[in-house]
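[1] Give me the fold of what follows.
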Amino acid sequence: MATDARPARLTPAEFDTLYRRLAGRAAEGDGGARTPARVLAATREVRTGRTVTMAAPVQTAPGPDDPEPARHRMSQWPGRSGESGSGLHFAMDRFAMNVHGDADSHIDALCHVIYDGTLHGGVPAGTVTEGGATALAIDAAHDGIVGRGVLLDIPRLRGVPWLEPGDHVSADDLGAAERAQDVRVTEGDLLFVRVGHRLRRAELGAWHVARARAGLHPSAMEFLAERRVAVLGGDGNNDTAPSCTDGVDFPVHVLAIHAMGLYLLDYLQFEDLARACEEERRWSFLCVVAPLRLPEATGSPVNPIAVL
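    This is a model prediction of the structure:
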């Protein structure tokens, strides 16, 4: 069984070497391209037709991890302005969200990470302006992201309900979880890694996750590169806090989005899916991710659906 020993810190030079290696691998291959053939193959994962959400309910109350929660306001409702109950009326509302907050489920576009003056693939950072992103915006995924999903449950592997803030998931953890769950991550897969963030939040309450949270160690991205996955999703931020990389606060974001060109899904919830996978005795499924069509946005609220 993998342990919760924390891997070593990375120096700037070590991180740069890792970055270049992963970017080089991404450039050599198709980056786990979601081809029609792979989508068609993923449909064979459907056995029962059971559908399960991987999104958490949108938060509208402030908390230590969400000082600027989503705002939901009714703009029209029965009885407003003395309207009578006769005839036709409509209930209407408005919604606003900080897409990249630390509480709500969302997907990061490839324009989200600016590193050393560029976006993924060397696209100039200046393509992101006050008016929005003119390159690599989330609308590039307007046809949806569909493929074989795999959930690797690290707390299950370690025999704990959740990983404690500050703990790391290593490449060895990912491999050990595969063996324990009798599943294998393959090219083009949508990989989801559970650290138990949502369960801990539900049972112990919200905390300042910008200061302390569980996530992947940057070296674990070697596993994703070797398997050529297409997407990475987590029930936390995917990055550990505090960072173990000197000078880089979000090394997994930099490696996944900027170096490898992966869509990254943050703050999902896997409690429902983990329970369903246990009941079905399998950890792979058809997965459908449908971001909103926001032409110049750096991300989107998201509700990924697993179909077992």
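[2] What is the burial count for Gly247?
    11 (other CB atoms under 10 Å). Glycine gets a C-beta too; all of them are placed from N, C-alpha and C.
[3] show me the contacts for it.
    By CB atoms under 8 Å, 6 or more residues apart in numbering, Gly247 lies in contact with Pro12, Phe15.
[4] Assumed it was part of a helix.
    No - per DSSP: H, G, I helix; E, B strand; the rest coil, Gly247 lies outside any helix segment and is coil.
[5] need the longest helix for this structure.
    Looking across the chain with DSSP state H, the single longest helix is helix 12-28.
[6] Against which helices or strands is it packed?
    Applying 3 or more CB pairs under 8 Å, 6 or more residues apart in numbering; DSSP states H and E, we find helix 12-28 packed against helix 221-227.
[7] so after the helix it packs on, what's the next helix or strand?
    Per DSSP states H and E, the first helix or strand lying C-terminal to helix 221-227 is strand 231-234.
[8] That following strand: partners in the sheet, and parallel or antiparallel?
    Strand pairing for strand 231-234, determined by DSSP bridges: strand 190-194 (parallel), strand 263-266 (parallel).
[9] looking at those strands, which is closest to Pro57?
    strand 263-266 (15.4 Å; CB to CB).
[10] measure Thr118 to Ala259 for me?
    11 Å (CB to CB, to the nearest Å).
[11] circling back to that earlier point, next, the buried residues of the longest helix of the chain.
    Within helix 12-28, the residues scored as buried using 16 or more other CB atoms under 10 Å are Phe15, Leu18, Tyr19, Leu22, Ala23, Arg25, Ala26.
[12] before we move on, what about stretch 77-97?
    By neighbour count on 16+ other CB under 10 Å, the buried set for stretch 77-97 is Met97.
[13] I'd like the mean pLDDT over that stretch, please.
    Taken as a whole, stretch 77-97 has an average pLDDT of 82.
[14] Do you have the helices of the stretch 201-308 of the chain handy? List them.
    Listed in chain order, the helices of the stretch 201-308 of the chain (DSSP state H, counting those that start in this stretch) span 221-227, 251-253, 271-280.
[15] and the angle for the longest one with strand 190-194?
    Compare the direction of helix 271-280 with that of strand 190-194 by axes from the mean of the first three to the mean of the last three CA atoms, to 10 degrees and you get 100 degrees.
[16] can you start the count at 851 instead of 1 from here on
    Taking 851 as the first residue, the last one we looked at is helix 1121-1130.
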